[in-house]
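Chemist: A predicted structure for the sequence below; I have some questions about it.
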Amino acid sequence: MSSLRLPRTILDLGRIFSTEKKCQEYMFKVRWPGGFICPRCEGDKHYWINTRAILKCSDCGKQVSLKVGTVMEKSKRPLSDWFVAAYLMTTNRQGISAANLLEQTDIRAYECAWNVLHKLRAAAGQREIQTLSGMVEVDECYVGAEKPGGIGRRVKGKAIVVGAVEVRGQGSGRCQLRVIPNLKKKTLHRFIFDRITPGSTVNTDGWAGYPGIESQGYYHDIVVTHTDPQKTEEWLPRVHRVFGNLKLWLNGTHHGVSPKHLQAYLNEFTFRFNRRKNLKGAFGALLGLVAQNRGPTYEALYRAGRRRGWKHPNPIDE
């Protein structure tokens, strides 16, 4: 990937990927940086079937599609549409909605634009399977429409999101976000064990679901003993800053999202946040993912499990 020229502006994107052929050549270099190798006979000679964007091994006749094994598999969309979507998703700090993508490409159906973006979010989520380290702030927030009755952890009818953010001096390092079903100790501990390296210092509030992680090699620092939301924000500023930006993004760019797809949006937010100092480089990282990971099918995306309760008013970009 490092040897490939990456676009620095939207005009650069148009020049580098001005034709479908150039997009195909780019994908070829991503998949076979050292030259073509046949998956059947390991031969290194091939020729193109240009009408179908397929390579054929000169030795055994094996046909290989550039899209097989990627999030673009079985998609009839041109590679150029995928590249534009990946570029806009990674370089725009506010991301892009399906409605916005319709305006920027030749895609005409909303469902198709939505599917393209969700497959890229799936690739971003696979990329973000990593652990945080050092000193890490951990807390939870609630995402969804306002509900009367109850504050803080007594709020019902919303999606629960637990987050972790590395402390880097006065700033923030990487983050991790996950939708969770409840605030029980087992649930919170599982998130910490999955996403934070043992030996790290975990800063939390005084919620009863956090104590006990010390037995697994973590240092636990309760930085605020009570669970008042306003006081907690002051003592855990980084994770709450992430929560604030997340909610602004969900409501501003997407006008709310369906609970069953919320984790996909968290994956996208995390991917972009962790590369916020090099957004243009993130474009190459995402296309590298596209070359290695399958995305879910359209049917699988719509079969995603539903959670009871929260329903954002007039969700546009489910």
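Modeler: Perfect, I can see it now. It should be emphasised that the depicted structure is a prediction, and the values quoted were computed from it without experimental measurement.

Chemist: Show me what the longest helix along the chain is packed against.
Modeler: Criterion DSSP state H: the longest helix present in the chain is helix 110-127. The contact analysis (3 or more CB pairs under 8 Å, 6 or more residues apart in numbering; DSSP states H and E) places helix 110-127 against helix 79-91, helix 98-104, helix 262-273, helix 279-290, helix 298-302. Where C-beta positions appear, they are placed from N, C-alpha and C, glycine not excepted.

Chemist: What's the mean pLDDT across that helix?
Modeler: Averaged across helix 110-127, pLDDT comes to 88.

Chemist: now swap in stretch 225-240 and tell me
Modeler: 85.

Chemist: End to end on it, go ahead and measure it.
Modeler: Its start and end residues considered, stretch 225-240 measures 17 Å (CA to CA, to the nearest Å).

Chemist: which residue sits closest to residue 268, ignoring its sequence neighbours?
Modeler: With CB to CB, 6 or more residues apart in numbering as the criterion, residue 268 has its nearest non-adjacent residue at 4.6 Å, and that residue is residue 121.

Chemist: Is the one you found in contact with residue 264, as I believe?
Modeler: Yes - contact criterion CB atoms under 8 Å: residue 121 and residue 264 qualify, at 4.4 Å.

Chemist: So between the two, which is more surrounded?
Modeler: For residue 121 and residue 264, the more surrounded residue by other CB atoms under 10 Å is residue 121, and the numbers stand at 26 against 23.

Chemist: For that one, give me its contacts.
Modeler: Shown in contact with residue 121 (CB atoms under 8 Å, 6 or more residues apart in numbering): 264-265, 267-268.

Chemist: can you tell me how far it sits from residue 64?
Modeler: Using CB to CB, to the nearest Å, residue 121 is found at 26 Å from residue 64.

Chemist: Go ahead and measure how far the longest helix of the chain is from the middle of the chain.
Modeler: Taking CA atoms, centre = their mean, to the nearest Å, one finds helix 110-127 lying 9 Å from the centre of the chain it belongs to.

Chemist: between the helix or strand that it is followed by and helix 262-273, what angle do the directions make?
Modeler: Counting by DSSP states H and E, the next helix or strand C-terminal to helix 110-127 is strand 135-143. On the basis of axes from the mean of the first three to the mean of the last three CA atoms, to 10 degrees, strand 135-143 is oriented at 140 degrees to helix 262-273.

Chemist: So what's the model's average confidence on strand 135-143?
Modeler: On average, strand 135-143 scores 96.

Chemist: buried stuff in that strand?
Modeler: The neighbour-count check on strand 135-143 (16 or more other CB atoms under 10 Å) flags 135-143 as buried.

Chemist: by contact count, what packs against the helix or strand just after it?
Modeler: The C-terminal neighbour of strand 135-143 among helices and strands, as given by DSSP H and E, is strand 159-168. On a contact count with 3+ CB pairs under 8 Å, 6+ apart, strand 159-168 meets strand 135-143, strand 171-180, helix 185-195, helix 237-252, helix 262-273.

Chemist: would you turn the ones you listed into TSV with distance to residue 28?
Modeler: Listed next are these as TSV, based on distance: least, CB to CB, whole Å:
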stretch	distance to residue 28
strand 135-143	41
strand 171-180	32
helix 185-195	35
helix 237-252	35
helix 262-273	25
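
Chemist: right, so of those, which gets closest to residue 6?
Modeler: For these, proximity to residue 6 was assessed by CB to CB; helix 262-273 is nearest, at 16.1 Å.

Chemist: what's in contact with that closest one?
Modeler: 89-90, 93, 95, 118, 120-122, 124-125, 127-128, 143, 159, 161, 174-179, 242, 245-246, 249-250, 254, 257, 279, 282, 286.

Chemist: and the residues you listed, which are buried?
Modeler: Among the contacts of helix 262-273, those classed as buried by 16+ other CB under 10 Å are 89-90, 95, 118, 120-122, 124-125, 127-128, 143, 159, 161, 174-179, 242, 246, 249-250, 254, 257, 282, 286.

Chemist: Would you agree residue 64 is in contact with residue 55?
Modeler: Yes - the criterion here is CB under 8 Å, and residue 64 meets it with residue 55 at 4.8 Å.

Chemist: No further questions, thank you.
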